[in-house]
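S.K.: Requesting a structural model of the entry that follows:
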Amino acid sequence: NGESGGAEYDITNPFMAKVLHAKWLTTPPPTTTTTGSSSNNTITDSSKPLPDIKKVVSMDVSMSGSGINYQPGDAISICCPNPPNLVAFVFDIISRRYHYDMQLKDVDDYEHITMDSLVFCVDTKEKCTIRELLTYRYDLTSAILKKNILISLLTECLSLPDKTPTDKHAMQWLVTKGAEGKLLWEHFVMQQGLNVTELLALFPTCLPSLPSLLCSLAPNPPRSYSVASSPLASPMILSVAFSIVQYSLRLCVTPPATTSNTSNTNSNSNSNCASSNISIAKDESQLSEGGKEKEEVPVTPTINSYIHRKGLCTSYLESILGPWLDSATPGISTKPVTTGRSFLSNRGSNRGKPPTTQQSKNKFNMPLLRIFHKPTISFRLPSSVSTPLILIGPGTGISPFIGFLEQRAYLERDRLALGRSMSIYEYIYSMYEYV
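M.R.: Just a heads-up that it's a prediction; the model follows:
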C-alpha cells in the first residue's frame, strides 16, 4: 500500500473500519427482512427459483485513523466472516474428533480444545486461533469442485470405526471410481453445489481431523469493491456499491428406480432433465471387484426442484446493514436514471448518519469491517480536467465511475473548466439487456 499514505494493511493486518451509513440504490421493497440473514442458504420455496430482483446497496465506511489516502479508481478489500452457526457446527466436529483421538491413544489427562486454542496458520506462518481459522481464513460455504477433495475427506471418515451402516454405505458409493460414483458426483454433489459443511451435516458420523478438513476447504479470499466516492467530498468517508449475490440451482430429482415404474416416469419427465442408465447395486459387495452383476435400469429424472444460494460476503454485508436497509426499499427501479449532477448532490446528505429506525434509535453499535486499501496506478482520471471522458461499464459495474464523476463535480465547484463526460453501461434485467 505504498500509495495509500498509511500503515501497511493487508489480509493478515486489516484496518477495522466503522460502517457509517448504507442505503438501497434500487427499488421497490424486498419480500424478506435483511436483519440476521447472513446464512449462505436461503429458506424459501424450493419449487420455485429466486425472484429476478436486482438489489444494489451503497455503503459508507470511515477511514478515520487509518492514514489511508484513497483516490477514485482504487478499491478496498473486505474480509468477510463465515456465518457463526457454520463455524460452531464445524468446531463441534473438530472437537469430537480430537476427543476421539485422545481416547484412542488412551490419554486420560489431556487439554481440551476451545475456539481460542492456538494452531499453526499456513498462510501467515504463525499461530492463530481456531476461531480465526474457521471464521476468516477458510471458506465454509464454497462448493466442492474437485472429486479428489471429496474422496480424501470421505476416505478418512471411512477409516473410523464408529459409522452407521447408512453413512458407511453412502460414503462408499460416493468415493467409488465406477460409473455409479461419477453419477453420484454429478447429481448429488455438483448439481446441488454441495459444500464441505453440508456434506458433514449429511454424514453425522464423518469426523475428519482438523488438518484433513482444512485441506478440503478453499481459502476465504477478501472481496474487492471499487471505490464509489471522491476524497474531495469527504476524505475520511469512503463509499462502495455492490449487488446482493443470490441465485438458484435447478435440480432434476430422480425418484427410486425400479423396473415397474420406468414406463410411468418416461411419460411425465421434464424435457430439461436428461435420462441416463444407472447401474443399481443390489448388494454392497458390488463395490469391489468380483461382486454380483449389476442390473442396468433406465432412470429418468422427473421432479424439478431448486436450491437457493447466497454470496458469502454480500449476504453478510446485507445482514449487518439491516438497521439502515430495513427501513428502505430495495428492488429494481423503473424510473429514468437521474443525471450525474443531481445524483451526486443528493448522495452526500445522509453520509455518516446512523440508522433512523425506532429500534436503532434506542441502542445501536456501528458495525466494524476488516478492510485494506488496494490502490491502482493506471485506472485514474486524466491529469487535465478539460479532457473529455467516455466511461464504459459493459456489465462489470459502474461503481468507480461514480467516484470519477463525483471528483469532477467537486472540481467544477472550484470553477475549473471541465471536459464533457459520457457514461455508457449495460443493464441486465430478466430476459432483456439494455446498453
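
S.K.: Do a quick rundown of the helices in the stretch 51-200 of the chain.
M.R.: 84-104, 130-132, 147-158, 165-175, 179-184, 196-202 (DSSP state H, counting those that start in this stretch).

S.K.: Check which residues of the fifth one are buried.
M.R.: If I follow you right, that is helix 179-184. Neighbour counts over helix 179-184 (16 or more other Cβ atoms under 10 Å) mark 180-181, 183-184 as buried. For glycine as for every other residue, the C-beta is placed from the backbone atoms N, C-alpha and C.

S.K.: what ranges of this protein fall below the confidence cut-off?
M.R.: Flagging of the chain using pLDDT under 70 yields the residue ranges 1-7, 28-45, 109, 123, 252-304, 327-364, 394-396, 414-419, 421-435.

S.K.: now with 80?
M.R.: 1-7, 27-54, 106-110, 121-125, 162, 250-305, 327-365, 383-386, 390-398, 411-435 (pLDDT under 80).

S.K.: Strand partners (parallel or antiparallel) of the strand ranked longest in the chain?
M.R.: Secondary structure assigned by DSSP state E gives strand 15-24 as the longest strand of the chain. Partner strands and pairing direction for strand 15-24 (DSSP bridges) are strand 56-62 (antiparallel), strand 368-374 (antiparallel).

S.K.: and residue 235, which of those is closest to it?
M.R.: Closest approach to residue 235 among those is made by strand 56-62 (10.9 Å; Cβ to Cβ).

S.K.: related to what we said a few turns ago, nearest to residue 317, of the strands paired with strand 15-24?
M.R.: Going by Cβ to Cβ, the one of these nearest residue 317 is strand 56-62, 6.8 Å.

S.K.: Send me the strand or helix carrying residue 405 as PDB with only the CA atoms.
M.R.: Following DSSP states H and E, one finds residue 405 within helix 399-413. Extracted C-alpha coordinates of helix 399-413, given in PDB (Å, rounded to 0.1, in the frame of the first residue of the first chain):
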ATOM      1  CA  SER A 399     -19.100   2.000  -9.100                       C
ATOM      2  CA  PRO A 400     -15.700   3.500 -10.000                       C
ATOM      3  CA  PHE A 401     -17.400   5.900 -12.400                       C
ATOM      4  CA  ILE A 402     -19.400   7.300  -9.600                       C
ATOM      5  CA  GLY A 403     -16.200   8.200  -7.900                       C
ATOM      6  CA  PHE A 404     -14.800   9.700 -11.100                       C
ATOM      7  CA  LEU A 405     -17.900  11.800 -11.600                       C
ATOM      8  CA  GLU A 406     -18.000  13.000  -8.000                       C
ATOM      9  CA  GLN A 407     -14.400  14.000  -8.300                       C
ATOM     10  CA  ARG A 408     -15.100  16.200 -11.300                       C
ATOM     11  CA  ALA A 409     -18.300  17.600  -9.800                       C
ATOM     12  CA  TYR A 410     -16.200  18.900  -6.900                       C
ATOM     13  CA  LEU A 411     -13.600  20.300  -9.200                       C
ATOM     14  CA  GLU A 412     -16.300  22.100 -11.100                       C
ATOM     15  CA  ARG A 413     -17.300  23.800  -7.800                       C
END
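
S.K.: Now do it against strand 56-62: the angle between them, please.
M.R.: On the basis of axes from the mean of the first three to the mean of the last three Cα atoms, to 10 degrees, helix 399-413 is oriented at 60 degrees to strand 56-62.

S.K.: change the start of the numbering to 15 and stick with it
M.R.: OK, 15 is where the count begins now, so the last one is helix 413-427.

S.K.: Now helix 413-427: buried residues?
M.R.: Those would be 413-423, 425, for helix 413-427 by 16+ other Cβ under 10 Å.

S.K.: Could I get the contacting residues of the residue lying closest to residue 104 once chain neighbours are set aside?
M.R.: Among residues not flanking residue 104 along the chain, residue 148 sits closest, at 5.6 Å (Cβ to Cβ, 6 or more residues apart in numbering). Residue 148 makes contacts with 96, 101, 104-105, 129, 154, as judged by Cβ atoms under 8 Å, 6 or more residues apart in numbering.

S.K.: Any chance of JSON lines for these, columns distance to residue 238 and neighbour count?
M.R.: Formatted as JSON lines, the contacts of residue 148 follow (distance: Cβ to Cβ, whole Å; neighbours: other Cβ atoms under 10 Å):
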{"residue": "96", "distance to residue 238": "19", "neighbour count": "23"}
{"residue": "101", "distance to residue 238": "23", "neighbour count": "20"}
{"residue": "104", "distance to residue 238": "26", "neighbour count": "24"}
{"residue": "105", "distance to residue 238": "29", "neighbour count": "20"}
{"residue": "129", "distance to residue 238": "28", "neighbour count": "16"}
{"residue": "154", "distance to residue 238": "21", "neighbour count": "24"}
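
S.K.: Go through those residues and name the one nearest residue 259.
M.R.: residue 96 (15.4 Å).

S.K.: mind checking the backbone torsions on the closest one?
M.R.: Per-residue torsions, residue 96: phi -70, psi 160 (degrees, to the nearest 10).

S.K.: my guess is it meets residue 147, correct?
M.R.: No. The criterion here is Cβ atoms under 8 Å, and residue 96 misses it with residue 147 at 10.2 Å.

S.K.: Residue 147 reaches residue 231, doesn't it?
M.R.: No. Contact criterion Cβ under 8 Å: residue 147 and residue 231 do not qualify, at 9.4 Å.

S.K.: hang on, the earlier thing: which of the buried residues of helix 193-198 sit farthest apart?
M.R.: Most distant of these, by Cβ to Cβ, are 195 and 197, 7.3 Å apart.

S.K.: Export stretch 134-141 to PDB, keeping only CA atoms.
M.R.: What follows is stretch 134-141, C-alpha atoms only, in PDB (Å, rounded to 0.1, in the frame of the first residue of the first chain):
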ATOM      1  CA  PHE A 134      -0.400 -23.100  13.100                       C
ATOM      2  CA  CYS A 135      -1.600 -21.000  10.200                       C
ATOM      3  CA  VAL A 136      -0.100 -21.900   6.900                       C
ATOM      4  CA  ASP A 137      -0.700 -18.500   5.200                       C
ATOM      5  CA  THR A 138       0.900 -16.400   7.900                       C
ATOM      6  CA  LYS A 139       3.400 -19.000   9.100                       C
ATOM      7  CA  GLU A 140       2.300 -18.000  12.600                       C
ATOM      8  CA  LYS A 141       0.000 -19.300  15.300                       C
END
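
S.K.: Pull out the buried residues from that stretch.
M.R.: Buried-residue list, stretch 134-141, by 16+ other Cβ under 10 Å: residue 135.

S.K.: of the buried residues of helix 193-198, closest to residue 109?
M.R.: residue 198 (29.5 Å).

S.K.: Pick the most deeply packed of the helices of the stretch 65-214 of the chain.
M.R.: Mean neighbours per residue, mean count of other Cβ atoms under 10 Å, is largest over the helices of the stretch 65-214 of the chain for helix 210-216, with a mean of 19.
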